[in-house]
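Visitor: sharing a model that was predicted from the sequence below.
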Amino acid sequence: MRILLIEDDTTLGTAVRDQIAGDGQSVDWVTRLDAAGDAIRGAAYDLVLLDLMLPDGRGIGFLKALRARGDVTPVIILTALDQVSDRIEGLNAGADDYLVKPFDLAELSARIGSVARRYSGNPNPIVRHGALEIDLAARSLRRDGRPVTLTAREWALFETLLARPGQLLSKAQLEDKLYAFDAEVESNTIEVHVSRLRKKLGAAVIETVRGMGYRLGPP
């Protein structure tokens with residue numbers, strides 16, 4: 001997934017960014033609402049993490065404007081505002097979840113996964129694909145009953161394809177999901193990850209459409 005983090009606290013922002021990156025996801029971090037608006041206009045995000053108190057305004061207004069123009073990108077609010085009235089306001093404005101600071105980073109990862117599964121249309125964390133049994137919540141999988149270990153990037157790539165069965169994704173689209181704006185990406189990075197996934201999960205798990213991209217193979 002590609003995630004936009006809107007947070008002006010540098011200590012927390014660094015911790016959240018590193019947590020998301022450690023999960024194998026792509027994250028763009030901005031500290032102001034005007035920069036967030038520019039980011040959303042320039043990229044397709046799978047999820048937004050939104051602080052409510054930013055230097056140039058309140059996140060609630062940003063969220064309401066997002067929903068008013070029909071943008072359905074999932075939003076998780078991250079805030080120190082812990083009153084019930086604050087939670088109600090955030091959820092009524094269109095947030096999908098509300099997490100009060102300070103929070104555990106592992107819980108944040110779990111909530112991101114939960115929201116992503118709901119938007120994919122299957123809230124069940126257990127997915128079966130042929131000989132593979134995938135636990136999306138635990139970020140683990142088994143092949144023919146035997147555990148298989150994936151790196152964070154391998155997992156993120158496989159999860160991206162798994163969430164879009166039958167859909168062809170170009171190399172550029174996959175890079176966009178896995179890497180942030182300022183990341184340096186080698187020209188053959190996706191090919192390397194695909195090759196490793198095939199060795200671990202089976203040669204047919206990912207199909208290549210020459211010159212066009214990749215898609216999840218049939219079960």
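Guide: Received, thanks. All of these numbers come straight from a predicted model, not from anything done at the bench.

Visitor: which parts of stretch 209-219 are buried?
Guide: G213, Y214, R215, L216, G217 (16 or more other CB atoms under 10 Å). Quick note: C-beta positions are derived from backbone N, CA and C, even for glycine.

Visitor: what pLDDT does the last one get?
Guide: I take that to be G217. G217 carries a pLDDT value of 92.

Visitor: quick one: the helices in the protein, in order.
Guide: In the chain, the helices defined using DSSP state H lie at 10-22, 33-42, 59-68, 84-92, 105-120, 152-162, 171-178, 189-201.

Visitor: tell me what the longest one is packed against?
Guide: For helix 105-120, the packing partners by 3 or more CB pairs under 8 Å, 6 or more residues apart in numbering; DSSP states H and E come out as helix 10-22, strand 47-50, strand 75-79, strand 97-100.

Visitor: repeat for the first one
Guide: With contacts taken as 3+ CB pairs under 8 Å, 6+ apart, helix 10-22 sits against strand 2-6, strand 26-30, helix 105-120.

Visitor: give me that answer again for 10 Å
Guide: strand 2-6, strand 26-30, strand 47-50, strand 75-79, helix 105-120, helix 152-162 (3 or more CB pairs under 10 Å, 6 or more residues apart in numbering; DSSP states H and E).

Visitor: I'd like those written out as TSV, with distance to R146 added.
Guide: Output for the helices and strands packed on helix 10-22, formatted as TSV (distance: least, CB to CB, whole Å):
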stretch	distance to R146
strand 2-6	31
strand 26-30	30
strand 47-50	32
strand 75-79	34
helix 105-120	23
helix 152-162	17
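
Visitor: L169 is nearest to which of the ones you listed?
Guide: helix 152-162 (6.8 Å; CB to CB).

Visitor: what angle separates the closest one from helix 189-201?
Guide: Compare the direction of helix 152-162 with that of helix 189-201 by axes from the mean of the first three to the mean of the last three CA atoms, to 10 degrees and you get 90 degrees.

Visitor: starting at the chain centroid, how far to helix 152-162?
Guide: 10 Å (CA atoms, centre = their mean, to the nearest Å).
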